[in-house]
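K.L.:
Sequence first, then the predicted structure, then my questions.
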Amino acid sequence: METQEAPRAPTEPTRDDGADGLKKPGTGFVSSAVALSSATAVAQVVAVLISPILSRLFMPDAFGVAALYGAVVGPLGLVACLCYHFAIMLPKDDETVANVFGLCVMLAVGVTALTAGAVALFGDALLNLVNASELIPYKWLIPLGVLITGMSTAVKYWHTRHNRFVRLGVTTVASSLVNAGAMLGFGFWGLTSGLHLVLARLPGQASLPVYLGWRFIRQDLAFCLRHWSPARLWEAAKRYKKFPLITTWTQLLNTVSRQAPVLLIAAFFGPAAAGLYALGGRVLGMPKRLIATSISQVFFQRGALKRASGDDLGSLVRNIATRLITVGLLPMLIVGMVGPDLFGFVFGEDWTEAGVYATILAPWLFVMFVSSPLSSVLMILERQGLQSVLVVLLFGIRVGALLAGALFLHEARLALLLFSLGATASTALAFGIYVRLTGAGLGRIIRHLLRQLLYSLPTVALLAGLKWGLGVGRMYIAAASVIASLPYIVIALQRDAELRSVLRKAFGRILGKQ
């Protein structure tokens, strides 16, 4: 990863809005990642602060119904543009990018219309199948959610392409505040069903595409109108046809495989069990949303520029992977050891079982945290065929393991354990492929992982002694989890000068000193 702002790649246009082009603020990888991560950090802090309140306002079955809604809408929304949004990052010229973006918008509207028709025909049966009959009178929310997600994806990639990371960050924070306010408002007013939780989340989700879309109209629409044409749209559609023909299905399978636990747990064990899983996954997924997602957006943009200019991706991939290991390893180890204690203390006694689920899922979510930001390597290299084979394999392992557990073991914990084992192994396999394709050096990454495990031993030993040796209460274990992490953090910062520099810059910006 770069320590200073990188020079603009030769393939990236440098033109102003008033000319025949688009303004792109020049930022380096670290600056871009810090801008997004800082904003995402604020959003996640908001989510962390309100989570203990929400867990006492909404019961597990309400979280389960909301998670089911997300499990249905999420996969459809992510492929609403037929994955042409990935192609926004690839062309050398803004004119082609404008036509790819126009294609994304049209496809998102079209897929939403098709979804509405499918919901009208099959929505009742689907919602009954996954024990979400509460949503049947409001099944029209499904196509609305698909439209919001599809448009969000398109405008986020448009702004990422043009280096507008600060704007993306501000919008992320605003969306999180709207989301938090709506959920707390519904909860305190006594509107605490699963349907109410779904409705409360919609304003925050919609605020992102509305604001970014408005900024697009003000700043970029005139440029796009000058270059949009049926012929150019068709040319762009043909040039990047691998995305709808191959990537769409692989992305859909990959997303469904991640959402499968919510759907299958609800179908076999009820919405309350799905809600426990959803909270556990949501808490453990915070590091991914906080850091990995921001890095993923910046990596895709920087990686595409490096590929276009013929530069090597290996060092970039290795630097990202090792730093993600440094950041993500200790939190997952702590949850793996004392998850039930932490969840019971923070979220209330009703959510202790969610901590058990989190403990089971911790290995998979750690590997996912490290691997997911690098998954765009296959799209940067235009290896959609390999991507499709890999995703089918991952889907079969994950869903097959969970189904086997549910059908033959008849116990949610055991079903999740099988899922976690299969998902961990398959995600690690995918990560190994990304590293091999880019020549990042798997041996060096594994040695870094082993060093970080060594540095984490004092924290692990202290928590083990408190929990199993002294048998202290949950409050003390929660406090010890924070205090015992300090040696690991000190070692990590001492050994990584760039990480220290990034944190200094981030805190300097927060304090207004830079």
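P.N.:
Yep, that arrived. Remember, predicted model here, so these are calculated numbers, not experimental data.
K.L.:
so where's the chain uncertain?
P.N.:
For the chain, applying pLDDT under 70 flags the ranges 1-41, 287, 289-294, 297, 310, 498-514.
K.L.:
Off-centre distance for whichever strand or helix holds Leu279?
P.N.:
Element membership for Leu279 (DSSP states H and E) is helix 271-284. How far helix 271-284 lies from its chain's middle: 16 Å, per CA atoms, centre = their mean, to the nearest Å.
K.L.:
So which residues make contact with it?
P.N.:
The contact list for helix 271-284 (CB atoms under 8 Å, 6 or more residues apart in numbering) reads 51, 55, 59-68, 131-132, 194, 261-263, 265-266, 332, 335, 339, 343, 347, 351, 353-355, 357-358, 361-362, 365, 412, 416. To be clear about C-beta, it is placed using only N, CA and C from the backbone, and glycine gets the same treatment.
K.L.:
Run a quick neighbour tally on the closest residue to Ala478 other than its chain neighbours.
P.N.:
Excluding the flanking residues, the one nearest Ala478 by CB to CB, 6 or more residues apart in numbering is Phe345, at 4.9 Å. Here the number of neighbours of Phe345 (other CB atoms under 10 Å) works out to 22.
K.L.:
likewise Val178?
P.N.:
Around Val178 there are 18 other residues, counting by other CB under 10 Å.
K.L.:
Was I right to think the residue nearest to Ala478 contacts Met475?
P.N.:
Yes - the criterion here is CB atoms under 8 Å, and Phe345 meets it with Met475 at 5.9 Å.
K.L.:
Ser375 and Ala430 touch, don't they?
P.N.:
Yes - between Ser375 and Ala430 there is a contact under CB under 8 Å: 7.2 Å.
K.L.:
does Gly432 sit in a helix, a strand or a coil?
P.N.:
helix (DSSP: H, G, I helix; E, B strand; the rest coil).
K.L.:
same deal with Leu191?
P.N.:
Once three-state DSSP is applied, Leu191 turns out coil.
K.L.:
residues in contact with it?
P.N.:
Counting by CB under 8 Å, 6+ apart, Leu191 touches Ala200.
K.L.:
doesn't Leu208 make contact with Ser152?
P.N.:
Yes - assessed by CB under 8 Å, Ser152 is found in contact with Leu208 at 5.2 Å.
K.L.:
Counting neighbours, what do you get for the residue nearest to Phe188 when sequence neighbours are not counted?
P.N.:
Distance criterion CB to CB, 6+ apart; nearest residue to Phe188, sequence neighbours excluded, is Leu57 at 7.2 Å. Other residues lying near Leu57 total 18 when counted by other CB under 10 Å.
K.L.:
Touching, Leu57 and Trp189? I think so.
P.N.:
No - look at Leu57 against Trp189 with CB under 8 Å: they stay out of range, at 9.9 Å.
K.L.:
Quick check on Tyr229: phi, psi?
P.N.:
Careful, residue 229 is Ser; it's not Tyr. Main-chain dihedrals, Ser229, degrees, to the nearest 10: phi -160, psi 150.
K.L.:
Who's the closest spatial neighbour of it, skipping the chain neighbours?
P.N.:
Take Ser229 and drop its neighbours on the chain: the residue closest to it by CB to CB, 6+ apart is Asn99, 7.6 Å away.
K.L.:
From the contact counts, what lies against the strand or helix carrying that neighbour?
P.N.:
Assigned by DSSP H and E, Asn99 falls within helix 94-129. If you count contacts as 3 or more CB pairs under 8 Å, 6 or more residues apart in numbering; DSSP states H and E, helix 94-129 packs onto helix 60-78, helix 141-161, helix 221-227, helix 230-239.
K.L.:
Quick check: which of those helices is nearest to Val105?
P.N.:
Val105 lies closest to helix 141-161 among the helices and strands packed on helix 94-129, at 5.9 Å (CB to CB).
K.L.:
Using PDB, list the CA coordinates for that closest one.
P.N.:
What follows is helix 141-161, C-alpha atoms only, in PDB (Å, rounded to 0.1, in the frame of the first residue of the first chain):
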ATOM      1  CA  LEU A 141     -41.500  -3.800  -0.400                       C
ATOM      2  CA  ILE A 142     -39.400  -6.400  -2.200                       C
ATOM      3  CA  PRO A 143     -39.200  -4.700  -5.600                       C
ATOM      4  CA  LEU A 144     -38.800  -1.400  -3.900                       C
ATOM      5  CA  GLY A 145     -35.800  -2.700  -2.100                       C
ATOM      6  CA  VAL A 146     -34.400  -4.200  -5.300                       C
ATOM      7  CA  LEU A 147     -34.600  -0.800  -7.000                       C
ATOM      8  CA  ILE A 148     -32.900   1.000  -4.100                       C
ATOM      9  CA  THR A 149     -30.100  -1.500  -3.900                       C
ATOM     10  CA  GLY A 150     -29.600  -1.500  -7.700                       C
ATOM     11  CA  MET A 151     -29.500   2.200  -8.000                       C
ATOM     12  CA  SER A 152     -27.200   2.500  -5.000                       C
ATOM     13  CA  THR A 153     -24.800   0.100  -6.600                       C
ATOM     14  CA  ALA A 154     -24.700   2.000  -9.900                       C
ATOM     15  CA  VAL A 155     -24.100   5.500  -8.400                       C
ATOM     16  CA  LYS A 156     -21.500   4.200  -5.900                       C
ATOM     17  CA  TYR A 157     -19.400   2.700  -8.600                       C
ATOM     18  CA  TRP A 158     -19.800   5.900 -10.700                       C
ATOM     19  CA  HIS A 159     -18.500   8.000  -7.900                       C
ATOM     20  CA  THR A 160     -15.700   5.500  -7.100                       C
ATOM     21  CA  ARG A 161     -14.600   5.500 -10.700                       C
END
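K.L.:
for it, packing partners?
P.N.:
In terms of contacts (3+ CB pairs under 8 Å, 6+ apart), helix 141-161 is packed against helix 60-78, helix 94-129, helix 165-188, helix 194-219, helix 293-309.
K.L.:
Okay, buried residues for the longest one please.
P.N.:
Of the residues in helix 94-129, those with enough neighbours to count as buried (16 or more other CB atoms under 10 Å) are 94-105, 107-108, 111-112, 115-116, 119, 123, 126-127.
K.L.:
next one: the third one
P.N.:
Neighbour-count burial for helix 165-188, counted by 16+ other CB under 10 Å, picks out 165-169, 171-176, 178-180, 182-183, 186-187.
K.L.:
quick one: contacts for Ala266?
P.N.:
Contacts of Ala266 (CB under 8 Å, 6+ apart): Gly64, Ala67, Leu68, Val130, Asn131, Ala132, Ala273, Ala274.
K.L.:
For the fifth one, which three-state class applies?
P.N.:
So the one you mean is Asn131. Assignment for Asn131 (three-state DSSP): coil.
K.L.:
Surely it is in contact with Ala267?
P.N.:
Yes - in this structure, Asn131 is within contact of Ala267 by CB under 8 Å, at 6.4 Å.
K.L.:
more crowded one of the two?
P.N.:
Set Asn131 next to Ala267 and count neighbours by other CB under 10 Å: Asn131 wins out with 22 against 16.
K.L.:
Look up how far Ala116 lies from the more buried one.
P.N.:
As judged by CB to CB, to the nearest Å, Asn131 and Ala116 stand 23 Å apart.
K.L.:
Cool, thanks, signing off.
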